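Asker: For reference, the sequence and a predicted model appear below.
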Amino acid sequence: MLACGVQAYSQNSDKPTFVLPFASQPLFSGNFGEIRATHFHGGLDFKTGGVVGVPIRAFADGYISRIAFTHGSGGILEIVHDNGYTTVSRHIEAFLSPIKERIKELQHQEETYEVSICPEPDEYRVKAGEAVALAGNRGYSFGPHLHLEAIETETGDFVDPLPLFGSGIKDTTPPKAEGFLLIPKQGEGVVQNKTQDYTFPIDNKTAITAWGKVGAAIKAYDYMNGANNRCGVHTVVLNVDGVDVYKSVVDRFSQPEARLVNSLAKNGYMKSFIDPGNPLRLHEAYNDNGGWVDIDEERDYVFRYTLSDASGNTIRHQFIVKGVKKEIEPLQHPDKYFFAWDKANHLHEPGLTLTLPKGILYDDVALNFKLKADSSAIAHTYQLHDRRVHLRDNAEISIGLRRKPIADTDKYYVARVTAKGLAGVGGRYEEGYMKANIRELGTYTVAIDTVPPVIVPINKANWANSGKIVFTIKDAQTGVSAYKGTVDGKYALFYRPNMLSSQYICDLDSKYIQKGQNHRVELIATDGRGNETIITETFFW
């Protein structure tokens with residue numbers, strides 16, 4: 001998964017030790033493998049005390065293999081270490097000389113903020129503890145911090161960096177559970193005499209009954225010393241009646257496995273059973289049901305969870321499920337709305353074609369399909385399912401246009417219908433249809449975007465004093481897809497320092513902009529459907 005060609009070194013110690021990135025005692029805002037919306041978190045997040053510009057130290061001897069800036073991660077620094085690991089540091093504010101000057105020259109040469117350099121192994125050798133960059137708050141970041149990934153150079157697997165720091169990190173705080181979830185298998189199980197999922201707290205006092213196949217899940221978090229941030233749980237073991245049925249150990253995963261979090265998690269709960277289409281290596285089931293529990297006797301079943309963090313701190317929780325016999329109606333569903341996880345699936349409806357290649361479903365899905373027709377709409381609205389079903393890869397959807405209020409088909413796009421409104425998916429027009437790739441089953445339609453982005457200068461009177469040209473760029477529908485700035489007709493390096501803000505900034509630099517005169521700045525922004533806005537301002541600096 002490494003972005004540049006690297007020279008891999010053999011690991012020279014069974015337990016290599018990393019130097020801590022900062023001189024102060026580390027505090028964490030995130031740990032390895034915690035569940036994020038679309039992926040497992042690939043590293044450790046070190047706090048910087050709310051400060052930008054804290055020097056980052058090299059974790060071990062090695063060489064710099066990649067230097068980059070991206071909108072999503074800010075500054076990125078990859079170091080291949082002599083001990084068999086590669087580290088990736090993200091959200092960097094700035095690099096040190098001479099790298100700082102080299103990357104800025106490349107940004108101006110290529111006229112883009114997003115650049116990448118892959119030095120030769122002998123160009124930038126580093127020693128453990130040597131300052132290599134400055135921590136920041138760039139990219140998708142909720143506060144100044146260092147995101148550290150440790151990658152096993154030989155395999156490319158992400159691994160938990162925590163053990164690599166040895167005794168340098170002390171954690172005595174165990175995980176904490178917040179609640180449980182029981183999931184009856186559709187057509188094969190019930191909980192509380194119903195086919196719906198059932199949640200309950202860890203101090204539950206209500207009797208729980210079930211029959212048939214039932215899956216368990218737990219909502220739990222780990223906490224690190226000195227911080228209140230909720231982190232992921234390293235090890236989860238489910239035991240039923242004294243026998244282990246499921247175990248997950250989040251200590252490594254590959255890049256393709258990171259997205260499989262969507263099969264492990266459900267509404268914030270970690271499932272303790274394995275979907276048949278989920279090949280994650282970090283968990284295993286010990287029964288023939290993939291971790292599903294058969295409640296087929298009228299007696300008490302004891303469910304016991306053991307949760308541990310990477311430092312060995314452990315807690316245990318248990319609850320009782322009483323087996324109460326109940327007649328279970330098998331799942332009744334039209335064949336055309338039943339998608340099997342181990343087959344290619346196709347859906348054809350008036351104005352709709354959906355194709356799911358084999359292997360992109362985690363489990364069978366009985367679609368709750370609905371078509372909403374509106375004679376005045378551009379296209380019908382199609383509810384593929386009444387809840388979001390994440391896919392392992394892209395599926396193609398084609399939605400027919402019922403009418404074309406504008407001739408320019410580049411302005412049409414496929415949109416997912418959400419509780420907050422339409423979320424643009426993109427797509428292309430072909431012979432009366434809009435076609436797009438989707439990564440989840442939900443509700444979709446077609447919309448039009450003819451409104452260009454809105455560009456607004458911010459505190460223009462202070463540009464000269466602050467040394468920064470600042471604009472905001474916003475687009476309500478398909479988002480800002482491209483932008484470019486010039487000062488006096490020459491390329492100006494604008495960047496978006498934080499993806500949670502709509503600000504775009506150009507640092508005034510006398511190397512590229514002459515001081516002591518009036519200047520003309522122009523900024524162009526384009527949205528996802530090609531709508532363009534150009535703004536021109538003048539200022540003195």
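Answerer: Received the coordinates, thanks.
Asker: Counting by contacts, list what the longest strand out of those in the chain packs against.
Answerer: Ordering each strand of the chain by length in residues (DSSP state E) puts strand 176-191 first. Here strand 176-191 touches strand 198-201, strand 209-221, strand 269-271, strand 300-308, strand 314-323, going by 3 or more Cβ pairs under 8 Å, 6 or more residues apart in numbering; DSSP states H and E. (C-beta placed from N, C-alpha, C; glycine too.)
Asker: Looking at those, spot the one closest to Leu384.
Answerer: strand 269-271 (22.3 Å; Cβ to Cβ).
Asker: Quick check: neighbours of the closest one in the sheet, parallel or antiparallel?
Answerer: Strand 269-271 sits in its sheet next to strand 209-221 (antiparallel), strand 265-266 (antiparallel), going by DSSP bridges.
Asker: Does Ile505 touch Lys468 like I think?
Answerer: Yes: under the criterion of Cβ atoms under 8 Å, Ile505 makes contact with Lys468 at 5.3 Å.
Asker: picking up where we left off before, save the strands paired with strand 269-271 as CSV, and put in distance to Phe59, mean neighbour count and mean pLDDT too.
Answerer: Formatted as CSV, the strands paired with strand 269-271 follow (distance: least, Cβ to Cβ, whole Å; neighbours: other Cβ atoms under 10 Å; pLDDT from 0 to 100):
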stretch, distance to Phe59, mean neighbour count, mean pLDDT
strand 209-221, 26, 22, 98
strand 265-266, 30, 16, 93
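Asker: Looking at the helices and strands packed on strand 176-191, which is nearest to Glu93?
Answerer: strand 209-221 (29.0 Å).
Asker: what's the spacing between the helix ranked longest in the chain and its chain's center?
Answerer: Using DSSP state H, we find that the single longest helix of the chain is helix 99-110. With Cα atoms, centre = their mean, to the nearest Å as the basis, helix 99-110 stands 29 Å off its chain's centre.
Asker: Next, the buried residues of it.
Answerer: Residues of helix 99-110 classed as buried by neighbour count (16 or more other Cβ atoms under 10 Å): Ile99, Ile103, Lys104, Gln107, His108.
Asker: who are the neighbours in contact with Gly427?
Answerer: Tyr412, Tyr413, Val414, Met434, Lys435, Ala436 (Cβ atoms under 8 Å, 6 or more residues apart in numbering).
Asker: what pairs with the helix or strand containing Thr536, and is each one parallel or antiparallel?
Answerer: In the assignment (DSSP states H and E), Thr536 maps to strand 532-540. If you go by DSSP bridges, strand 532-540 pairs up with strand 518-527 (antiparallel).
Asker: chain center to the partner strand: distance?
Answerer: Worked out by Cα atoms, centre = their mean, strand 518-527 lies 32 Å from the chain centre.
Asker: Would you mark the buried spots in it?
Answerer: Result for strand 518-527 [16+ other Cβ under 10 Å]: buried residues His519, Val521, Leu523, Ile524, Ala525, Thr526, Asp527.
Asker: before we move on, the earlier item: format the buried residues of helix 99-110 as CSV; extra columns: pLDDT.
Answerer: Listed next are those as CSV, based on pLDDT from 0 to 100:
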residue, pLDDT
Ile99, 97
Ile103, 97
Lys104, 97
Gln107, 98
His108, 97
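Asker: Nearest to Glu152, out of those residues: which one, please.
Answerer: Once Cβ to Cβ is applied, the member of those that ends up nearest Glu152 is Ile99, at 25.4 Å.
Asker: For Val88, see how far away the nearest residue to that closest one once chain neighbours are set aside is.
Answerer: Residue nearest to Ile99 in three dimensions, not counting chain neighbours: Ile67, with 5.7 Å by Cβ to Cβ, 6 or more residues apart in numbering. Separation of Ile67 from Val88 (Cβ to Cβ, to the nearest Å) stands at 11 Å.
Asker: This protein - how does it break down into domains?
Answerer: 28-168, 176-323, 335-448, 454-540 (automatic domain parsing).
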